[in-house]
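Participant: Okay, here's the prediction I keep looking at, along with the sequence it came from:
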Amino acid sequence: MGFSGPVALEPAVRSRAHHGIWGDRIFRYLVFAVAIAVVLLIVLFLYVLFRGSVPSFQAFGWEFFISSEWNSVALKFGALPFIYGTVVTAIIAMLLGVPVSLGIAIFLTELSPGWLRSPLTFIVELLAAVPSVIYGLWAFAVLAPVMAHYIEPAIQTVVFWQVNGFAPLFFLQPLFAGVPLGTDKLTAGVILAIMIIPTVTAISRESFAQVPQNQREAALSLGATQWETTRVAVLSYARTGIFAAAILGLGRAIGETMAVTMTIGNSNTITTSLLEPGQTIPSLIANSWAEAEGVQLQVSSLLELALILLLVSLLINVVARLMIRRLVPGGGRE
Amino acid sequence: MKPQRTGWRRWKSRLMAVLAVLCVVAALIPLFAILGAALARGLPAVLSPGFFTTNLPVPCSPGTLPADCPKGGIFNSLQGTIVLIGVGSLIAIPVGILTGIYLSEYGGSRASGSLRFFVEVMVGIPSIVVGIFVYTAITLAAMNGWISSFWATSTFAGALALAVIMIPIIARTCDEALAIVPRATREAALALGIPRHRTTLHIVLATGRGAVLTGVLLGVARGIGETAPLIVTAGTLSIFGFQGLAHPTANLPYTIYQFGLSNYSNWIPIAWGGAIVLIGVMLLISIGARLLFYRAARRMGGGLV
């Protein structure tokens, strides 16, 4: 949209506008400087967090990533339990959240009557407006007890169900062993799934809207049913967009702090069962920040974890944005 | 497609439609459950006298009769949030809008394209990382003697973190808002000999002000609800209100977190009352922003909506 090149003015106008041209120059430099500064902020992020994590890196080196000890008395810090917790909760969130979001996007673009589309889109977008601490409060006070008393026992009943002494779902049993607590990795994954729905829905809806109408018509004219049309003409056409939507959701899931901190049970351990507490990188930072202050090595270890989180989320967002950009004419600009 | 019997194919199509509807329902349940729970648990506190005008109470020791528990409201917490978001906005709104102006008006397609890309990537940086960044940046500056290290956990640091979160959101939406101002408007202004910066500020920005305001509102809304960056900067000292930019301050999101997780009978209702206030503000802003944007887009006749 930008204009390039100077605007040619008549000489008479030029003298009158001399002040304006100086103003032009100053304003142009101002907006340029501000815009560059905003983008250089990313570089500053990397520099500051890198500087801050130097003590931790010097003390633990690469062992930081494979050690599972987090001991502020012995000053030994390892990241493995938190990387594990972040990965596990993000996987649960993706497994639950992405299919539901695709279902919503399909409903909104392919099935919904016209009058319902706009209000429903707005309501789903409201899910994104709810602050994460509110999700956390609700998940802690309402969802976690429901998980502990109803949903988790029900899952256990199914998984441990036996026919003639043989449990058909035996391979899932380690994932759902133990006493359901409610504040565990599964609950954290479920609340994350809810929180990524608006992101994943919005991007996949956008990419479904890019599908040319004649794709659908072609499928329908071949005698395809509504679902076959959606699958063949829409879903496969928009698969890049779906993938971008899913990894943007992943980006949101790994960085989410409050809702996870309030539901995951905050235990620095690696356990197979999803019904046992855990800890993610953001939840560890939120939990141990106050006590870590003053212990330089612990703060530095937390900074190294923040740096890892930053690098991963930058990578995720760059990949997702590149895919969206390729997809939408005009560079992802609505 | 493999040949299949038509009856089964129709049935499958219907099944999938039902599943899609169930997905929509699955997303609406938590939204309404959250609203319902907040109203049920928080409304008594919000309606109690002094909820907005008294300070956060000290915790009620277990075993005390409810009548003997210290009472209080969210006054100093609300005050902290207003200061945080006010100072944050003072930084973020001008910077965000100027960046948006650059992207839309000055960058040219290639420079704007790549800067826009970075701004979008910045939106995806986790908010806790932003908080950590601000804390560490101030700490590093303090090590060089530029600033005292207690600024790292202060209201100012919190406001700065909120600003860093808000800037890319405001920049992006401002860029989008100015894009719907018709090109002819700019050309007409320039043709009249109005200098380019005046055209941008007085004509383009003024024409797109409704949509720009939408972007600002969305950015501010995002900032109001952020908790994680405040945990590492401004929120560390629980129940004391605003005492100056150099000190930590109680704030609404942190109060909801701290009070909601507590065991104190006089704290939990305040957390839910605070949740109602926060949700109410967010709903108002979301709906208001949407109305503003539609009105602005329609007025300009942009084919956007």
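Facilitator: Cool, the structure landed.

Participant: Give me the distance between the residue of the stretch 151-300 of chain A found nearest chain B and A:Ala286.
Facilitator: Of all residues in the stretch 151-300 of chain A, A:Gly255 sits closest to chain B, at 2.6 Å by CB to the nearest CB. Any C-beta I mention is one placed from the backbone N, CA and C, and that applies to glycine too. Shown here: A:Gly255 relative to A:Ala286, a distance of 12 Å by CB to CB, to the nearest Å.

Participant: where do the contact lists of these two overlap?
Facilitator: B:Ile128 (CB atoms under 8 Å, 6 or more residues apart in numbering or on different chains).

Participant: ranges for the strands of chain B?
Facilitator: For chain B, strands defined by DSSP state E do not occur.

Participant: just for chain A, where's the confidence low?
Facilitator: Residue ranges of chain A with pLDDT under 70: A:1-20, A:328-334.

Participant: And chain A, is the helix ranked longest in chain B touching that?
Facilitator: As assigned by DSSP state H, the longest helix anywhere in chain B is helix B:6-47. Yes. Against chain A, helix B:6-47 shows contacts by CB under 8 Å from any CB of the partner chain at B:9-10, B:12-13, B:15-17, B:19-24, B:26-28, B:30-31, B:33-34, B:37-38, B:41.

Participant: pLDDT on that helix, on average?
Facilitator: Mean pLDDT, computed over helix B:6-47, is 92.

Participant: where along the chain do the helices fall?
Facilitator: Here I'm looking at chain A. Ranges of helices in chain A, per DSSP H, are A:11-16, A:18-60, A:80-106, A:114-129, A:132-138, A:144-146, A:152-159, A:185-209, A:213-221, A:226-229, A:239-255, A:258-261, A:281-292, A:296-327.

Participant: actually chain B
Facilitator: B:6-47, B:75-101, B:108-123, B:127-143, B:155-179, B:183-191, B:196-198, B:205-207, B:209-225, B:228-231, B:252-261, B:268-299.

Participant: Would you reformat the helices of chain A as CSV and include mean neighbour count?
Facilitator: Below are the helices of chain A laid out as CSV (neighbours: other CB atoms under 10 Å in any protein chain shown):
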stretch, mean neighbour count
helix A:11-16, 10
helix A:18-60, 17
helix A:80-106, 23
helix A:114-129, 15
helix A:132-138, 28
helix A:144-146, 17
helix A:152-159, 16
helix A:185-209, 26
helix A:213-221, 14
helix A:226-229, 20
helix A:239-255, 23
helix A:258-261, 31
helix A:281-292, 22
helix A:296-327, 20
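
Participant: if we can go back for a sec, so what's the gap between the longest helix of chain B and the chain middle?
Facilitator: Distance of helix B:6-47 from the chain centroid (CA atoms, centre = their mean, to the nearest Å) equals 25 Å.

Participant: by contact count, what packs against it?
Facilitator: When contacts are defined as 3 or more CB pairs under 8 Å, 6 or more residues apart in numbering or on different chains; DSSP states H and E, helix B:6-47 packs onto helix A:80-106, helix A:114-129, helix A:132-138, helix A:185-209, helix A:226-229, helix B:268-299.

Participant: quick one: buried residues of stretch B:257-272?
Facilitator: B:257-261, B:264, B:266-272 (16 or more other CB atoms under 10 Å in any protein chain shown).

Participant: Mind putting the helices and strands packed on helix B:6-47 into JSON lines with distance to A:Ser67?
Facilitator: As requested, those are exported to JSON lines (distance: least, CB to CB, whole Å):
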{"stretch": "helix A:80-106", "distance to A:Ser67": "6"}
{"stretch": "helix A:114-129", "distance to A:Ser67": "37"}
{"stretch": "helix A:132-138", "distance to A:Ser67": "29"}
{"stretch": "helix A:185-209", "distance to A:Ser67": "20"}
{"stretch": "helix A:226-229", "distance to A:Ser67": "49"}
{"stretch": "helix B:268-299", "distance to A:Ser67": "36"}
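
Participant: Quick one, which of these gets closest to B:Ala67.
Facilitator: Closest to B:Ala67 of the helices and strands packed on helix B:6-47, according to CB to CB: helix B:268-299, at 14.3 Å.
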